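Peer 1: Sequence first, then the predicted structure, then my questions.
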Amino acid sequence: MKKESREHDEFSVTPWEVRGNIDYEKLIKKFGVEKLNDKILARIKKHAGELHPMLRRGVFFAHRDMNWLLDEYEKGNRFFLYTGRSPSGPIHIGHLMPWIFTKWLQDKFNVELWFQFPDEEKFLFKKNLGFDEVQKWTHENMLDVAALGFNPKKTHFLVNTKNANLLYPEAVKIAKKISFSTVKAAFGFTNDLNIGAIFYTSMQAAPVILPSVLKKKKIPCLIPLAIDQDPHFRVARDVYPKLGFPKPAIIHSIFLPPLQGTQGKMSSSEKSSAIFTTDSPKEVETKIKKYAFSGGKDTLEEHRKHGGNPDKDVSYQYLKFFFEPDDKKLQKIHDDYKSGRLLTSELKQILIEKINKFLKEHQKKRKLAEKSVGKFLVKLNGFKK
Ligand code: TRP
């Protein structure tokens, strides 16, 4: 009994807090999701023509109802994609991971994407965050999402307080079927929580059915997300069939680790844990050199003799999860580091160059997005843009 409770305390994953040493196998059981197996990967590959590195390398590792979604697709019933971002601060590279994968899905399956910016969520859940500040971050965060190159003709940005006319009618239908005790149990809410926060799940759940409502036909939905967001949909899933809609399929990613190592996730509120999309090349270099946890040995002599541990090395993890899509190149870095041929300083240099190359492009597109972001917004009084 004691051992079990200690195990429970090892890590925590909720939509508002991720901490500790996350055991993803345990999380799969705890959340009741399924592991992405080779059969499903083969089905995705059949349609996409290839597998994204994030699928090959287990960044996306779990799912709900993917077989159903692919069955529907094969019957000619196209799905749409849905994901989102609650603005509260700057975007870091960890945020980008699921969105880059979402863009790949959009391109490969040629489908619509609904992207939600709940500009009330963090306002309701964070004590010292004002409404106006969230509005500023909403704009800033939209630039980062637009910069990733989603197809403007097939991508719709929903801002909760601006598109409330579309979202609220669906949210109330969902909210009516979720009791306070259900969200209390799912999220550990207590009675002193404000009533806006209690209602929030229904706003995040609404876009799953919105396109079906607007087009007056049942359209399957696939939600790529980092696994901390799963509980909202776990609560809402039971409601959709009661309203006459199918449950959404979900594909879950792990978190990009913070610079300091394997505990928790990269976080905007821990400035030294994260590489932000607006960081300068110098800032990136300093952060990687100063903070990126090393799997190398303490002395040069020992490292050359015994080699480093790529599985513990944050720079290697970032290359694997994000910045080195070429399997052969990655394998060589892995082997060289493990054998001691490659030093930590050299590994860090590879990563610094990769990140800075990526950010240079991203920052250019982010600037251009200032002009083009309007194309993504859903019109205030209706769906037609
Ligand atoms: N709650 C998410 C966040 O904190 C934002 C979000 C809204 C979202 N809708 C979503 C995330 C759907 C994944 C899928 O950033």
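Peer 2: On my side now, so go ahead. Please read all numbers here as calculations on a predicted model, not as lab measurements.

Peer 1: Residue 135 reaches residue 117, doesn't it?
Peer 2: No: applying CB atoms under 8 Å, one finds residue 135 not in contact with residue 117, separated by 10.2 Å. Where C-beta positions appear, they are placed from N, C-alpha and C, glycine not excepted.

Peer 1: show me where the stretch 151-300 of the chain has strands.
Peer 2: Counting by DSSP state E, counting those that start in this stretch, the stretch 151-300 of the chain has strands at residues 155-159, 221-226, 249-253.

Peer 1: Spatially, and excluding backbone neighbours, which residue is closest to residue 303.
Peer 2: When the adjacent residues along the chain are set aside, residue 303 lies closest to residue 297, with 3.9 Å between them (CB to CB, 6 or more residues apart in numbering).

Peer 1: give the contact list for the closest residue to residue 130 other than its chain neighbours.
Peer 2: The shortest distance from residue 130 to any non-neighbouring residue, by CB to CB, 6+ apart, is to residue 123 (7.4 Å). By CB atoms under 8 Å, 6 or more residues apart in numbering, the residues touching residue 123 are 129-131, 134.

Peer 1: hmm, try it at 7 Å
Peer 2: Listed by CB atoms under 7 Å, 6 or more residues apart in numbering, the contact partners of residue 123 are 129, 131, 134.

Peer 1: what are the phi and psi values for the first one?
Peer 2: Read that as residue 129. Dihedral pair for residue 129: phi -120, psi 120, per degrees, to the nearest 10.

Peer 1: ok now do it, which residues does it touch?
Peer 2: So residue 129 contacts 88, 122-123 (CB under 7 Å, 6+ apart).

Peer 1: same question, the second one
Peer 2: Applying CB under 7 Å, 6+ apart to residue 131 gives the contacts residue 123.

Peer 1: Check the gap between it and residue 139 for me.
Peer 2: Relative to residue 139, residue 131 is positioned 14 Å away (CB to CB, to the nearest Å).

Peer 1: Could you point out the helix or strand that follows whatever helix or strand residue 47 lives in?
Peer 2: Using DSSP states H and E, residue 47 sits in helix 38-48. Beyond helix 38-48 on the C-terminal side, the first helix or strand identified by DSSP H and E is helix 53-56.

Peer 1: Just the CA atoms of that following helix, as CSV, please.
Peer 2: These are the backbone C-alpha positions of helix 53-56, laid out as CSV (Å, rounded to 0.1, in the frame of the first residue of the first chain):
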residue,chain,number,x,y,z
PRO,A,53,10.0,10.8,-37.7
MET,A,54,7.9,11.6,-34.7
LEU,A,55,5.9,8.4,-35.4
ARG,A,56,9.0,6.3,-36.1
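
Peer 1: The helix or strand following that helix - which strands sit beside it in the sheet, and in what orientation?
Peer 2: Stepping forward along the backbone from helix 53-56, the first helix or strand reached (DSSP H and E) is strand 60-64. In its sheet, strand 60-64 lies beside strand 34-35 (antiparallel), strand 249-253 (antiparallel), with partners assigned from DSSP bridges.

Peer 1: near the ligand at all, strand 60-64?
Peer 2: No: using CB under 6 Å from any ligand atom, strand 60-64 stays clear of the ligand, with a minimum separation of 12.6 Å.

Peer 1: ditto for stretch 72-92
Peer 2: Yes: against the ligand, stretch 72-92 shows contacts by CB under 6 Å from any ligand atom at 82-86.

Peer 1: circling back: tilt between the helix holding residue 47 and strand 249-253?
Peer 2: An angle of 100 degrees separates the directions of helix 38-48 and strand 249-253 when computed by axes from the mean of the first three to the mean of the last three CA atoms, to 10 degrees.

Peer 1: what residues are up against the residue nearest to residue 303?
Peer 2: Shown in contact with residue 297 (CB under 7 Å, 6+ apart): 303, 306, 308.

Peer 1: follow-up on the earlier one: out of the strands of the stretch 151-300 of the chain, which comes closest to the ligand?
Peer 2: strand 221-226 (3.8 Å; CB to the nearest ligand atom).
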